[in-house]
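Participant: this one's structure only:
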């Protein structure tokens, strides 16, 4: 049973999924907002010492955490 804030949506697509090209599948999923891009250029995370820190990339965060471990 759905909660008070849950909404069930049923979509009926009248196109054969197998007939769509890969580009059209990605475009359709994007327009339905079933997929999205996540920007990682402005990341503020807590470091291993609990201090809020700005990271320029996920790679920088990973390198920092490996160096402090």
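Facilitator: Alright, I've got the coordinates. Note that the structure is predicted; figures quoted are calculated from it, not measured. Residues are numbered from 1 along each chain as shown.
Participant: C-alpha from now on. contacts and neighbour counts both.
Facilitator: Will do.
Participant: check contacts around the residue nearest to residue 42 when sequence neighbours are not counted.
Facilitator: Distances taken as Cα to Cα, 6 or more residues apart in numbering place residue 56 nearest to residue 42, at 6.4 Å, with adjacent residues excluded. Listed by Cα atoms under 8 Å, 6 or more residues apart in numbering, the contact set of residue 56 reads 40-43.
Participant: ok, 7 Å please
Facilitator: 41-43 (Cα atoms under 7 Å, 6 or more residues apart in numbering).
Participant: what does residue 6 give?
Facilitator: Contacts of residue 6 (Cα under 7 Å, 6+ apart): none.
Participant: Show me where this structure has its helices.
Facilitator: Along the chain, counting by DSSP state H, helices occupy 22-31, 58-68.
Participant: Quick check: buried residues in the first one?
Facilitator: Judged by neighbour count (16 or more other Cα atoms under 10 Å), helix 22-31 contains no buried residues.
Participant: Let me see the residues that make contact with it.
Facilitator: 35-36.
Participant: Now do that helix: distance to the chain's middle.
Facilitator: Counting by Cα atoms, centre = their mean, to the nearest Å, helix 22-31 is centred 16 Å from the centre of its parent chain.
Participant: Stretch 28-43 now?
Facilitator: 6 Å.
Participant: For stretch 9-26, give the distance from the opening residue to the closing one.
Facilitator: Stretch 9-26 stretches 20 Å from its first residue to its last (Cα to Cα, to the nearest Å).
Participant: Sorry, wrong one. I was asking about stretch 10-20.
Facilitator: Terminal-residue distance, stretch 10-20 (Cα to Cα): 20 Å.
Participant: swap in stretch 11-21?
Facilitator: 20 Å.
Participant: mind listing what's buried in that stretch?
Facilitator: Applying 16+ other Cα under 10 Å to stretch 11-21 flags no residue as buried.
Participant: pLDDT of it, averaged?
Facilitator: The pLDDT scores in stretch 11-21 average 76.
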